[in-house]
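Participant: I need the structure of the sequence given here:
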Amino acid sequence: MRRNVILGLAPLLLPYCALFCAGLTLTLAQSMGLFLPLGPGEATLEYYQALTRDQGLGLSLRLSLFVAFFSAAGSVLGGTVLALALWRMPPGLRRVGVVSKIGLILPHVAVAFLVLLMLSQTGLVSSALFQLGLISTPEEFPNILHTGSGLGMILAFLLKGVPFALLLIGAVLFGFDIRLIQTARMLGAGPLRTFWSVTLPRLLPAMHSAFIILFLYAFGSFDIPFVLGESHPGMLSIRVFDIFFHRDLSQRPQAMAILTVMFVFAAVFAMLYNRFAAYMDAWRRKL
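Facilitator: This next block holds a predicted model:
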């Protein structure tokens, strides 16, 4: 069965794999000084060694991890809460859940400009507060964008991530056998115990999947950091863009080295997180 599925998807998988492998190979080669616009070059690891001496790269890495973790964790938490709320609604009221899918329709760059339009010091929220007399000038509105804290980017990622997590977790909930909860309640389990022992274990696989996808996307995203972030300290994607397009051609291998490190990190993180999730699930079953 699995072989038939792979053969059926081969016409789509082969071109994708070919393009992906070609791009990855070229990135790795250029990160080592090969196949550069200035000439064939010689293989070297000096560009990776230069990354270890770059203090600004450490700041970018910490900011990228901070934004990726809190946006992914917040999205999973918010999506889980909303999914549970919709699941407990009467069938006739569940249609309001379609409003949550608006965030899925909008592109990331559109969400970034929406946050900029609403929450900047000259945005709609500050203007409304000024008109209501709650602040004397629009400049009194807290500046949460372009401060280097990453808060504006996290808000934008949440607007996209919460509906995505809601979609994955809600699909599990609406296929959930309600009789399992009824049986647990009949055996004397309270609401909290029922949720912890019956509902949550069935949601965890979807929650873990949503977290990995959202974390890795935010970690390497470019569109939202380009609109709402700063150049210093900037996200890793902004740093790669700056080196590749705004500096000498001789520094392009450094950008490729950063991309290679980001790819390796994403692969290792996904593998370790899956193992951690499997370990936690096995530990919970023993309890």
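Participant: Pull out the buried positions in the strand or helix carrying A278.
Facilitator: Applying DSSP states H and E as the criterion places A278 in helix 252-286. Residues 252-262, 265-266, 269, 277 are the ones in helix 252-286 that count as buried (16 or more other Cβ atoms under 10 Å). No exception for glycine: its C-beta is placed from N, CA and C like everyone else's.
Participant: Then stretch 16-31?
Facilitator: The neighbour-count criterion (16+ other Cβ under 10 Å) identifies 27-31 as the buried residues of stretch 16-31.
Participant: ok, which stretches of this protein are helices?
Facilitator: Assigned by DSSP state H, the helices in the chain fall at 2-31, 46-52, 55-88, 102-105, 108-119, 124-131, 151-173, 178-186, 191-194, 200-220, 223-228, 236-246, 252-286.
Participant: Now do the longest one against helix 236-246, angle only.
Facilitator: When you say that, I think you mean helix 252-286. For helix 252-286 against helix 236-246, the angle by axes from the mean of the first three to the mean of the last three Cα atoms, to 10 degrees is 170 degrees.
Participant: so what's the residue sitting nearest the centre point of the chain closest to, chain neighbours aside?
Facilitator: Centroid-nearest residue in the chain, with Cα atoms, centre = their mean: L214, separated by 2.7 Å. In this structure, L214 finds its nearest non-sequential neighbour in A72, 4.0 Å apart by Cβ to Cβ, 6 or more residues apart in numbering.
Participant: R3 versus the one you found, what's the distance?
Facilitator: Separation of A72 from R3 (Cβ to Cβ, to the nearest Å): 35 Å.
Participant: Who are the contact partners of T137?
Facilitator: With contacts defined as Cβ atoms under 8 Å, 6 or more residues apart in numbering, T137 is in contact with F130.
Participant: Among the buried residues of helix 252-286, which one lies nearest to E42?
Facilitator: Closest to E42 out of the buried residues of helix 252-286 is P253 (11.4 Å), distances taken as Cβ to Cβ.
Participant: Might one say that I144 is in contact with L151?
Facilitator: Yes. Counting by Cβ atoms under 8 Å, I144 touches L151, with 4.9 Å between them.
Participant: ok, back up a step: quick check: angle from the helix holding A278 to helix 55-88?
Facilitator: Using the same axes, to 10 degrees: helix 252-286 against helix 55-88 is 40 degrees.
Participant: and the angle from helix 252-286 to helix 200-220?
Facilitator: If you take the same axes, to 10 degrees, helix 252-286 sits at 170 degrees to helix 200-220.
Participant: Show me what helix 252-286 is packed against.
Facilitator: Applying 3 or more Cβ pairs under 8 Å, 6 or more residues apart in numbering; DSSP states H and E, one finds that helix 252-286 makes contact with helix 2-31, helix 46-52, helix 200-220, helix 236-246.
Participant: distance of the residue nearest to L214 from L168?
Facilitator: For A72, the distance to L168 - Cβ to Cβ - is 13 Å.
Participant: coming back round to it: for F66, find the nearest of the helices and strands packed on helix 252-286.
Facilitator: Each of the helices and strands packed on helix 252-286 has some distance to F66 by Cβ to Cβ; the shortest is helix 200-220, at 10.1 Å.
Participant: avg pLDDT for that closest one?
Facilitator: Averaged over helix 200-220, pLDDT sits at 91.
Participant: picking up where we left off before, quick one: contacts for the residue nearest to the centre of the chain?
Facilitator: 71-72, 75-76, 157, 161, 164-165.
Participant: mind running it again at 7 Å?
Facilitator: By Cβ atoms under 7 Å, 6 or more residues apart in numbering, L214 lies in contact with 71-72, 75, 161, 164.
Participant: rewinding a little: just send the helices of the chain back as TSV, with distance to P138 too.
Facilitator: TSV is the format used below for the helices of the chain (distance: least, Cβ to Cβ, whole Å):
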stretch	distance to P138
helix 2-31	44
helix 46-52	41
helix 55-88	26
helix 102-105	27
helix 108-119	12
helix 124-131	4
helix 151-173	17
helix 178-186	50
helix 191-194	45
helix 200-220	29
helix 223-228	19
helix 236-246	27
helix 252-286	38
